[in-house]
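**Q** Curious how this folds, go ahead:
(one chain, ligands or ions: 1)
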Amino acid sequence: STGNEVTKPESYDVEYLTPVSIGTPGQVLHLDIDTGSSDLWVFSSETPSNLVNGQSLYEPAKSSTAQKLEGYTWKISYGDGSSSSGVVYRDSVTLGGLTVSSQAVEAATQVSEEFTSDSNNDGLLGLGFGSLNTVQPKGQKTWFENIMQELDSPIFTADLKAGEPGTYNFGYIDKNAHIGNISYVSVNDSNGYWTWTSPGYAIGTGALVSTQIMGIADTGTTLLLLPSTIVVMYYAQIPGALYDATQGAYTLPCSPTPPDFSFAVGDDGQVITIPGEYILYAAITSIGTMCFGGIQADSGIGFSIFGDVALKAAFVVFDGGKKRLGWASK
Ligand SMILES: O=C(CN1CCCCC1)Nc1ccc2c(c1)OCO2
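**A** Predicted coordinates:
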């Protein structure tokens, strides 16, 4: 089987939300598909109402196929400091027309302020590796791990776009969605992430700098987080760019358009070029002169993060069968 679903960006492409149907009859929630984590958790009838602010709720009591996993709990915290926790059900979950009849659905009984204030985000659907799942006493498989063997090919693809809807495909590669070859690189899943190594980068029209950048392909992270040495080099090319200590981030003038940023993939000379405008993340001042940089340092994380700023410049194949990533321009 194969499937596909449209995913829509929230403002500034901060995240992409995708409709997912849970339970019988189907309850449609809009979830943040996150290759950087492996829990499927939702706002629910068990989420205290003071922590709910417009989100749609999963109500297991209204689903004829919901089964409570007695004694099972989950608790997750993300790199940005947000967190959530709760109890666990098993229920039917349909994404892109593909149904997993017995998927662990984690109902939130606690969410941090970042989630409460994100009114359109009804929860997360993790597409990382199952080893990252936080359910106790037994870790649960992701939706993709559960559907994989039914797919024509054990893969999914991400085609995120700047400021417009994109697509997640499951089980097949849409040749019309990319330009030129797809270059594949091996993935090290030992830390549960889609971890790969880029052999180098280029700034603007400059020559490729050969250096290994080890990072994760993470649809759930907004920005491109890279080694500080590379980030300093990039912003040094931009008059007026500066590290804003109060924001803890690099900022740059919203005009003119800054240089493109390219990263290499594989040993066949493939590069993905991020247009400079993607690096003008959002205006900081109300007068709109300074912008928040779409490239920031990965300091303290232990690896780089190829988040949406990078992913929306590419067509990306997440190959669960061969544990590899495929990157193509589009
Ligand atoms: O936390 C995330 C992504 N996360 C995805 C699920 C929703 C909440 C945000 N990314 C992230 C990961 C590492 C970081 C970081 C941010 O900031 C500094 O280090």
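**Q** switch to C-alpha atoms for all contacts and neighbour counts from now on
**A** Noted.
**Q** Pull up the per-residue confidence for the residue positioned nearest the centre of the chain.
**A** Geometric centre of the chain, nearest residue: T219, 1.6 Å, by C-alpha atoms, centre = their mean. Note on T219: pLDDT of 99.
**Q** Name the residues of the stretch 51-200 of the chain found near the ligand, please.
**A** Residues of the stretch 51-200 of the chain lying close to the ligand (C-alpha under 6 Å from any ligand atom) are Y78, G79, D80, S82.
**Q** residues touching the last one, list them.
**A** Shown in contact with S82 (C-alpha atoms under 8 Å, 6 or more residues apart in numbering): S112, E113, E114, F115.
**Q** again, 6 Å this time
**A** By C-alpha atoms under 6 Å, 6 or more residues apart in numbering, the residues touching S82 are S112.
**Q** Can you tell me how far it is from V6?
**A** Per C-alpha to C-alpha, to the nearest Å, S82 is found 26 Å from V6.
**Q** and what of the second one?
**A** Using C-alpha to C-alpha, one obtains 26 Å as the distance from G79 to V6.
**Q** repeat for G220
**A** When distance is defined by C-alpha to C-alpha, G220 is 16 Å away from V6.
**Q** cool, H178 as well?
**A** Note on H178: its distance to V6, by C-alpha to C-alpha, is 16 Å.
**Q** Pick out whichever of G220 and V6 has more residues nearby.
**A** Higher neighbour count among G220 and V6: G220, with 23 against 16, using other C-alpha atoms under 10 Å.
**Q** isn't M214 right up against T197?
**A** Yes. If you go by C-alpha atoms under 6 Å, M214 and T197 touch, sitting 4.2 Å apart.
**Q** Looking at those two now, which is surrounded by more residues?
**A** Between M214 and T197, T197 has the larger neighbour count (other C-alpha under 10 Å), namely 20 against 17.
**Q** Tell me who's in contact with the more buried one.
**A** Contacts of T197 by C-alpha under 6 Å, 6+ apart are I213, M214.
**Q** what's the farthest-apart pair in the residues of the stretch 51-200 of the chain next to the ligand?
**A** G79 and S82 (7.4 Å; C-alpha to C-alpha).
**Q** This protein: helices as residue ranges?
**A** Remark: helices assigned in the chain by DSSP state H are 113-116, 143-147, 228-236, 308-311.
**Q** Distance of L311 relative to A202?
**A** Taking C-alpha to C-alpha as the measure, L311 falls 17 Å from A202.
**Q** those strands in the stretch 51-200 of the chain, which residues are they?
**A** Per DSSP state E, counting those that start in this stretch, the stretch 51-200 of the chain carries strands over the ranges 67-77, 83-95, 98-111, 123-126, 155-159, 166-170, 179-186, 195-203.
**Q** would you turn those strands into JSON lines with mean pLDDT?
**A** Listed next are these as JSON lines, based on pLDDT from 0 to 100:
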{"stretch": "strand 67-77", "mean pLDDT": "98"}
{"stretch": "strand 83-95", "mean pLDDT": "99"}
{"stretch": "strand 98-111", "mean pLDDT": "99"}
{"stretch": "strand 123-126", "mean pLDDT": "99"}
{"stretch": "strand 155-159", "mean pLDDT": "99"}
{"stretch": "strand 166-170", "mean pLDDT": "99"}
{"stretch": "strand 179-186", "mean pLDDT": "98"}
{"stretch": "strand 195-203", "mean pLDDT": "98"}
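**Q** Tell me which of the ones you listed sits most buried.
**A** Among those, strand 123-126 has the highest mean neighbour count (mean count of other C-alpha atoms under 10 Å), at a mean of 26.
**Q** As PDB, could you dump the C-alpha coordinates of it?
**A** Taking Å, rounded to 0.1, in the frame of the first residue of the first chain, the C-alpha atoms of strand 123-126 are listed here in PDB:
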ATOM      1  CA  GLY A 123      -0.100  16.900  19.600                       C
ATOM      2  CA  LEU A 124       2.800  15.200  18.100                       C
ATOM      3  CA  LEU A 125       3.300  12.100  15.800                       C
ATOM      4  CA  GLY A 126       6.900  11.000  16.200                       C
END
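**Q** Parallel or antiparallel, which strands does that strand pair with?
**A** Sheet partners assigned to strand 123-126 using DSSP bridges are listed as strand 27-34 (parallel), strand 40-42 (antiparallel).
**Q** No further queries at this time; thank you.
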